[in-house]
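Visitor: 3D model of this:
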Amino acid sequence: MTLAGSVKNSVTDPMRLPSVHTEGPMPPTLASLVHHSALKLTVRAGEDRLDVPVRWAHVSELADPVPYMEGGELLLITALKLDAEDPEAMRRYVKRLVGAGVVGLGFAVGVNYDEIPKALVDAAQGEGLPLLEVPRRTPFLAISKAVSAAIAADQYRAVTAGFAAQRELTKQALSDGPEGLLAALAQQVDGWAALYDASGAVVAVAPEWAGRRAARLTAEVERLRDRPAPASSVIGGPSGEDRVELHSLGTGRRPRAALAVGTAAAPGTAERYAVHSAIALLTLTTERSRSLHAAEQRIGTAVLRMLLAGEPDHARAVAGDLYGDLLDAPFRLILAESASASASRAHADGHARVAPAPPAAAVLAAAETDGDPLDGLAETVESAAARSGESVLVVPDWERLVVLAGDGGAAVAACQEYALAVQAARAATREQPAADEDELVVGVSAPAGPIAAAAAYKQAEQALSVARRRGRSLVEHAELAAGSVLPLLQDDAVRAFADGLLRALREHDATGRGDLVASLRAWLSRHGQWDAAAADLGVHRHTLRYRMRRVEEILGRSLDDPDVRMELWLALKATASAGE
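Guide: Sure thing, here's the model as predicted:
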């Protein structure tokens, strides 16, 4: 069972979820400071820009404090080192403050100046910088404390809301699974959320209206999957479209799923807590799915071994609800392996072999191997089956992958598409794989039932062998029955046999005492008809009879034996296909 298989079919209605947003203090603004009854601040300029958040209150009497500003500060001064009555100096001073991102200027009266100089008021008004008059009885420390307290209260509110969001997400994950979690997350961030499987396909989305938007991000999810986990990226959509964060899910090197979160703007502190909580919860779900998947593979291995041993009734009993429906209809048996592994693989006495399932840790480690074509094929097949609601049996057999999938279903189609895509990519680059490169080779049996599983395995092996010899990614057994055996003669072992069988005849012909090879080819092509074959050669039929007796003498075989004639004809065809 994949991650997609763990998601429920019903979509949770996000409108029924209780909101965990809490009311409380907000980030301090110039307006909130002006309305603070204890501070007694008076606005002297920039009245229309008081709703700007204040990140900090900073005291500086430097003539140029800009190098020490980060932006968002309320700067508090007494003009100790400023010529506050010089209009040109004040215009330069205020312009630099605005350029540095200072959001307001607080001027203490009754210290160096009894009132704010007109030059400073005019400069602030011209630049639109809020200018606050600070009475002598209000110390700068009181303003700094008010800003600090408001910021701390806002951070506490955000943390509290984040913990509440975490509890709500956990509750929904436990009661409604990934879909419930996504619905809660979408409400928390006031946007949408989507879950993707390892292939980049959408598994679940909330709310439903975001389905099309989520589907358009498949390519981005695939790119994220190629990066070591954990990985994330931010996609800023075109004008009018939302901001999307993508996060990989899983603890291994290869991500097993991905989460997309779409919002109108960058998430705040509370929303960030919710996103991180969702990532943690979905990662736990993913890891649990992988453990279940490893256990299911063990059951699948047992079912397959029973089928190949001719015990379909026992296999059906073990399969139960997990694979039972797969054995109730015709299925295809698929064998896949990498080209480098296939060169060294040998099957004793030609019987189908399925190795015992490797330990769960080995299965998971193999699944995390980057660039493994068998891993990619397994993910593709399982994802396609999960999306279509099919059962599929996937068994790693060390260097091989064995797949049992319903005939005509999505899993078989996905396997074919995957292998053909590999072949098309290879043809597009016009490059042959290196000797040590893992190149995918797949053989597919004809439709079969449980009682014929062993025969289907043999068919898949034969198709796999032909695919390997012909340099193709996938061959179906039906092609072998409808095609020709002649392409198989291009195998090096067959050519070596042909060369050895005909060597003595070629050596005889090299002495100039006759053309036995050409005569044998003409005689066999005419099915032993002397006159027709002699006419093709332009010789008398007695001459041809003599030559055929010489062939029998040299080879020590009788041409009356149909097996001998067949072997000689195939040897001639094999050498002809080699350009000889």
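Visitor: First residue to last residue on stretch 52-70, what's the distance there?
Guide: Length of stretch 52-70, first residue to last, C-alpha to C-alpha, to the nearest Å: 15 Å.
Visitor: Rounded mean pLDDT for it, please.
Guide: Stretch 52-70 shows a mean pLDDT of 89.
Visitor: For that stretch, buried residues please.
Guide: Going by neighbour count (16 or more other C-beta atoms under 10 Å), the buried part of stretch 52-70 is 54-59, 65, 69. Backbone N, C-alpha and C define where each C-beta goes, glycine included.
Visitor: same deal with stretch 71-82?
Guide: Neighbour counts over stretch 71-82 (16+ other C-beta under 10 Å) mark 72-79, 82 as buried.
Visitor: Repeat that for stretch 403-415.
Guide: Neighbour-count burial for stretch 403-415, counted by 16+ other C-beta under 10 Å, picks out 403-406, 409-412, 414-415.
Visitor: I'd like the residues you listed as TSV, with pLDDT and secondary structure appended.
Guide: Formatted as TSV, those follow (pLDDT from 0 to 100; DSSP: H, G, I helix; E, B strand; the rest coil):
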residue	pLDDT	secondary structure
403	91	strand
404	90	strand
405	89	strand
406	89	strand
409	89	coil
410	88	helix
411	88	helix
412	90	helix
414	89	helix
415	90	helix
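Visitor: I'd assumed residue 457 was in contact with residue 310.
Guide: No - look at residue 310 against residue 457 with C-beta atoms under 8 Å: they stay out of range, at 11.5 Å.
Visitor: Pick out whichever of these two has more residues nearby.
Guide: residue 457 (24 against 13; other C-beta atoms under 10 Å).
Visitor: Can you name the helix or strand that that one falls in?
Guide: helix 453-470 (DSSP states H and E).
Visitor: picking that back up, biggest separation within the buried residues of stretch 52-70, which pair?
Guide: With distances taken as C-beta to C-beta, the most widely separated pair in the buried residues of stretch 52-70 is 54 and 65, at 16.1 Å.
Visitor: quick check: mean pLDDT across the helix holding residue 457?
Guide: 88.
Visitor: and the next element down the chain from that helix?
Guide: strand 474-476.
Visitor: Okay, buried residues for that following strand please.
Guide: Within strand 474-476, the residues that count as buried by 16+ other C-beta under 10 Å are 474-476.
Visitor: Surely residue 107 is within a helix?
Guide: No - secondary structure of residue 107 (DSSP: H, G, I helix; E, B strand; the rest coil): strand, not part of a helix.
Visitor: any idea how far residue 30 is from it?
Guide: Note on residue 107: its distance to residue 30, by C-beta to C-beta, to the nearest Å, is 14 Å.
Visitor: where do the contact lists of these two overlap?
Guide: With contacts taken as C-beta atoms under 8 Å, 6 or more residues apart in numbering, residue 107 and residue 30 have residue 132 as neighbours in common.
Visitor: Give me the longest helix you can find in the protein.
Guide: Looking across the chain with DSSP state H, the single longest helix is helix 140-189.
Visitor: Looking at the helix or strand following it now, give me its mean pLDDT.
Guide: Once the chain leaves helix 140-189, the next helix or strand it forms, by DSSP H and E, is strand 192-197. Across strand 192-197, the average pLDDT comes to 88.
Visitor: Domain map for this protein?
Guide: 40-137, 157-288, 309-483, 489-577 (automatic domain parsing).
Visitor: Residue 299 is nearest to which of these?
Guide: Proximity to residue 299 (C-beta to C-beta) singles out domain 309-483 among these, at 6.2 Å.
Visitor: got any ranges where the stretch 451-580 of the chain has weak pLDDT?
Guide: Where the stretch 451-580 of the chain drops to pLDDT under 70, the residues are 481-493, 577-580.
Visitor: wait, the stretch 251-400 of the chain
Guide: Checking the stretch 251-400 of the chain against pLDDT under 70 turns up 251-255, 286-293, 324, 339-371.
Visitor: residue boundaries of the strands in it?
Guide: 257-263, 331-338, 392-397, 400-406 (DSSP state E, counting those that start in this stretch).
Visitor: What is the second one packed up against?
Guide: The reference is to strand 331-338. When contacts are defined as 3 or more C-beta pairs under 8 Å, 6 or more residues apart in numbering; DSSP states H and E, strand 331-338 packs onto helix 373-388, strand 400-406, helix 410-429, strand 440-444, helix 453-470.
Visitor: Please repeat the previous calculation with a cut-off of 10 Å.
Guide: helix 269-308, helix 373-388, strand 392-397, strand 400-406, helix 410-429, strand 440-444, helix 453-470, strand 474-476 (3 or more C-beta pairs under 10 Å, 6 or more residues apart in numbering; DSSP states H and E).
Visitor: In CSV, list those along with distance to residue 550.
Guide: Compiled in CSV, the helices and strands packed on strand 331-338 are given as follows (distance: least, C-beta to C-beta, whole Å):
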stretch, distance to residue 550
helix 269-308, 51
helix 373-388, 53
strand 392-397, 52
strand 400-406, 50
helix 410-429, 48
strand 440-444, 44
helix 453-470, 35
strand 474-476, 42
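Visitor: The residue nearest to residue 448 when sequence neighbours are not counted and residue 397: what is the separation?
Guide: Nearest residue to residue 448, sequence neighbours excluded (C-beta to C-beta, 6 or more residues apart in numbering): residue 456, at 3.8 Å. Using C-beta to C-beta, residue 456 is found at 15 Å from residue 397.
Visitor: The two - which one has more neighbours?
Guide: residue 456 (27 against 19).
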